[in-house]
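Visitor: need a 3D model of the sequence below.
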Amino acid sequence: MSSIELTSRVQLGNFTGKGFNRGASKAKETVWYLLKMLFFLSAFPYPSSFKVKLLRLFGAKVGKGLVIKPRVNIHFPWKLNIGNDVWIGEEAMLLNFELLTIGNDVCVSQRAFLCGGNHNYKDPTMPYRNGTITLKDGSWVGASCFIAPGVTIGVDTVVSAGSVITSDLNSNSIYKGNPAVFIKERWA
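Guide: All right, here's what the predicted structure looks like:
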């Protein structure tokens, strides 16, 4: 181990967020955060139908049959597309700085983290390096999984609980681990 002390090059004070489009006015975002705190982050089980109305009011495209449990954190509903018959479990985190697309018949389990935000660590000011996330029809993201920006989960693919996904996954597959690896086909 070297005894030479390094001087940090990181300059977080120079971070500007340049190039990041929040997709809504500050006023709209502020109202959304207030409603989110009351009706989405609460432990009280408000009906999913009520939450769907709020999401649509703020620009989300939501199909029929969405079940959304308490304490689900959605950052930007105006960057959210959800298909039909989707389940989103307790304390799921949808950090959708860019478009998050959830297909039909998708399950997002408890405490899953769909992380569309990131930073470029090679630049001392650490600018955003965000990306879209797509969960295709029939996929299942297990409890406490991490899904990175730019990832697409294939049709009918299962991600086992606690897995970390940083690249696209094929359809009809089961993956698990950190980093996740292919285990077998879902439907033989």
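Visitor: number of nearby residues for Ser3?
Guide: 4 (other C-beta atoms under 10 Å). Yep, even glycine has a C-beta here, placed from its N, CA and C like the rest.
Visitor: distance check, it against Val164.
Guide: As judged by C-beta to C-beta, to the nearest Å, Ser3 and Val164 stand 34 Å apart.
Visitor: who does the residue nearest the centre of the chain form a beta bridge with?
Guide: Against the mean C-alpha coordinate of the chain, by C-alpha atoms, centre = their mean, the closest residue is Leu114 at 2.3 Å. The partner list for Leu114 in beta bridges (DSSP bridges) reads Leu94, Ile147.
Visitor: contacting residues around it?
Guide: Taking C-beta atoms under 8 Å, 6 or more residues apart in numbering as the criterion, Leu114 is in contact with 92-96, 100, 108, 133, 135, 141, 147.
Visitor: go with 6 Å
Guide: The contact partners of Leu114, taken as C-beta atoms under 6 Å, 6 or more residues apart in numbering, are 94, 133, 147.
Visitor: you'd agree Lys28 is in a helix?
Guide: Yes: assessed by DSSP: H, G, I helix; E, B strand; the rest coil, Lys28 belongs to a helix.
Visitor: now the helices for this structure?
Guide: When assigned using DSSP state H, the helices of the chain occupy the ranges 26-35, 48-57.
Visitor: and Ile4, how far from Cys145?
Guide: With the distance defined as C-beta to C-beta, Ile4 ends up 40 Å from Cys145.
Visitor: low-confidence stretches in this structure?
Guide: Filtered on pLDDT under 70, the chain yields the residue ranges 1-2.
Visitor: any idea how far stretch 129-139 is from the middle of the chain?
Guide: 8 Å (C-alpha atoms, centre = their mean, to the nearest Å).
Visitor: please shift the residue numbers so they start at 17 in all later answers.
Guide: Happy to do that; since the first residue is 17 now, the last one works out to stretch 145-155.
Visitor: return the set of buried residues in that stretch.
Guide: Taking 16 or more other C-beta atoms under 10 Å as the neighbour-count basis, stretch 145-155 is seen to contain the buried residues 146-155.
Visitor: kindly reformat those residues as a markdown table containing distance to Tyr49.
Guide: Below are those laid out as a markdown table (distance: C-beta to C-beta, whole Å):
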| residue | distance to Tyr49 |
| --- | --- |
| Asn146 | 19 |
| Gly147 | 23 |
| Thr148 | 22 |
| Ile149 | 21 |
| Thr150 | 25 |
| Leu151 | 24 |
| Lys152 | 30 |
| Asp153 | 31 |
| Gly154 | 32 |
| Ser155 | 29 |
